[in-house]
Structure formats: structure tokens, C-alpha cells
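Enquirer: sharing a sequence plus its predicted fold:
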Amino acid sequence: METRLVLLHGFSKDEALAVMRVVKTAVTEPDGIAFAATTASNMDWKVADLVEHVSEEHAAFLASKRP
């Protein structure tokens, strides 16, 4: 399954957490959604590179949750 990704920019930490909670309640299979926020380090990345990086991190996170 291709990773679904929500990219957040310009939100405070509390706002970002609230957005993530709302998104997770609004979709089926919320564990299949990865979230990323822009940073000084990734603002110059190509979108495709950011999606690939976040997808890999998300896959590793999900694998670590499995028994």
C-alpha cells in the first residue's frame, strides 16, 4: 500500500497535534497515514524525496509496533 502523507507547515506544536488527531478520526485505517512537518532542514527538499523519507520512517515505525 502506498503511504498516505499529510504535510504540515506553519502550525504550532499544539495545532499540529490537533490536526493529526482530527485527520486520524476522519479516515479509515489511520495507522496508514504518515505525518510530516516542514523544518529548516527539509524546506529545500524535493517533495518526492520528502515523501520517500517519511514513508520509510513510517514503515519502520509500523514494523516496530507489530508483535
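Expert: Noted; the coordinates are in hand. Numbers count the residues shown, from 1 in each chain.

Enquirer: for the residue sitting nearest the centre point of the chain, helix, strand, or coil?
Expert: Computing the C-alpha centroid of the chain and ranking residues by CA atoms, centre = their mean puts residue 35 first, at 1.4 Å. Following DSSP: H, G, I helix; E, B strand; the rest coil, the label given to residue 35 is strand.

Enquirer: contacting residues for it?
Expert: Contacts for residue 35 (CB atoms under 8 Å, 6 or more residues apart in numbering) come out as 5-8, 16, 20, 23, 54. Any C-beta I mention is one placed from the backbone N, CA and C, and that applies to glycine too.

Enquirer: of those, which is the most crowded?
Expert: residue 54 (19 neighbours; other CB atoms under 10 Å).

Enquirer: which residue comes closest to that one once chain neighbours are left out?
Expert: residue 36 (4.5 Å; CB to CB, 6 or more residues apart in numbering).

Enquirer: can you name the residues bridging to the one you found?
Expert: Listed by DSSP bridges, the beta-bridge partners for residue 36 are residue 7.

Enquirer: from residue 66, how far out is it?
Expert: Distance check for residue 36 against residue 66: by CB to CB, to the nearest Å, it reads 22 Å.

Enquirer: and residue 45, by the same measure?
Expert: From residue 45 over to residue 66 the distance is 29 Å, taken as CB to CB.

Enquirer: so which elements touch the longest helix belonging to the chain?
Expert: Longest helix in the chain by number of residues, with DSSP state H as the criterion: helix 47-65. When contacts are defined as 3 or more CB pairs under 8 Å, 6 or more residues apart in numbering; DSSP states H and E, helix 47-65 sits against strand 4-8, strand 33-37.
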